[in-house]
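Peer 1: Need the 3D shape of this:
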Amino acid sequence: AEAGASNEIFFQDGHDTSRITYISYYLNGTDLKRKQIGYTFDAIEPYVYVYYDSLDAGDAPPNEIILEDFLVGEYINDLKFWGSGGTINLKLSLSKNQNSLTMKSLVYGRNQ
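Peer 2: Below you'll find the model as predicted:
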């Protein structure tokens, strides 16, 4: 059931509608990190964020700008995201010293 699973999830931030930014949760070693990303065409409008898959007049992609990148969790052995049809499955395994915990959850994407 974990076919195509990834240890990173990337989605558009729906909380700040004044600009187009994205959130990524990803595993870096045993650390869970959260990154906020913006995309811009520096030469055209360096302070205007565009969609990550936008192309300029010459079919060039935008530049990625890391707005934030910080630690949100530690001691993670495994992190998996997968799903389809608006559902996201999550499996998280943690371990510290002799203690371990594995959690699974299912969430529905917003605006489906």
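Peer 1: host element of G14?
Peer 2: Secondary-structure assignment from DSSP states H and E places G14 in no helical or strand segment.
Peer 1: And it, how close does it get to I20?
Peer 2: Distance of G14 to I20, computed by CB to CB, to the nearest Å: 11 Å. To be clear about C-beta, it is placed using only N, CA and C from the backbone, and glycine gets the same treatment.
Peer 1: Between the two, which is the more surrounded one?
Peer 2: It is I20, of G14 and I20, that has more neighbours when counted by other CB atoms under 10 Å, with 17 against 10.
Peer 1: Identify the residues contacting the residue located most distally from the centre of the chain.
Peer 2: What lies farthest from the middle of the chain is Q98; by CA atoms, centre = their mean that is 30.0 Å. Going by CB atoms under 8 Å, 6 or more residues apart in numbering, Q98 touches no other residue.
Peer 1: and the most centrally placed residue in the chain, helix, strand or coil?
Peer 2: Centroid-nearest residue in the chain: S24, 1.9 Å away (criterion: CA atoms, centre = their mean). Recorded secondary structure, S24: strand (DSSP: H, G, I helix; E, B strand; the rest coil).
Peer 1: Beta-bridge partners for it, please?
Peer 2: Counting by DSSP bridges, S24 is bridged to F10, K35.
Peer 1: So it is in contact with F10, correct?
Peer 2: Yes. Using CB atoms under 8 Å, S24 is in contact with F10, at 4.6 Å.
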